[in-house]
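Participant: what's the 3D shape of this:
(one chain, ligands or ions: 2)
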Amino acid sequence: MSVVIIPTPGMAGGPCRGSCDHAKCHTMRAMADDKCHHCGGRFGFGTKITGEPAMHMRCAQTIAARDGAPATHPIHDPVAPHNVTTHRGDKN
Ligand SMILES: [Zn+2]
Ligand SMILES: [Zn+2]
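Facilitator: Ligands and ions are numbered 1, 2, ... in the order given. Presented below is the predicted three-dimensional model:
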């Protein structure tokens, strides 16, 4: 999975500050204005973007963790002990 970082304006490789007519700068500004497919938030500059459709790196990691990592196993285990009341009371 490839990761793209939109460079911040004014940084090396980044778009010009303010408006300009460079096609490359327009592309980068358009990317930064794009919305994350997962959380719907604007990407902005300096953000790691990954995936197809594009989403924040952190959102992709959230999805990956939710879909498979053992760390997200539910804390409240539905399996309750059933035999606790078996030997209680009646025969005495
Ligand atoms: Zn430019
Ligand atoms: Zn997101």
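Participant: Flag every residue of this structure that's near ligand 2.
Facilitator: Applying Cβ under 5 Å from the ion, we find that the chain lies next to ligand 2 at C36, H38, C39, H56, C59. From N, CA and C alone the C-beta is placed, and that goes for glycine too.
Participant: Narrow the residues you listed to those that are buried.
Facilitator: Neighbour-count burial (16 or more other Cβ atoms under 10 Å) applied to those gives C36, H38, H56, C59.
Participant: for the most centrally placed residue in the chain, helix, strand, or coil?
Facilitator: The residue lying closest to the centre of the chain (Cα atoms, centre = their mean) is C59, at 0.5 Å. Classification of C59 by DSSP: H, G, I helix; E, B strand; the rest coil places it in helix.
Participant: on that earlier part again, mind putting the residues of the chain next to ligand 2 into a markdown table with pLDDT?
Facilitator: Converted to a markdown table, the residues of the chain next to ligand 2 look like this (pLDDT from 0 to 100):
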| residue | pLDDT |
| --- | --- |
| C36 | 96 |
| H38 | 95 |
| C39 | 97 |
| H56 | 97 |
| C59 | 95 |
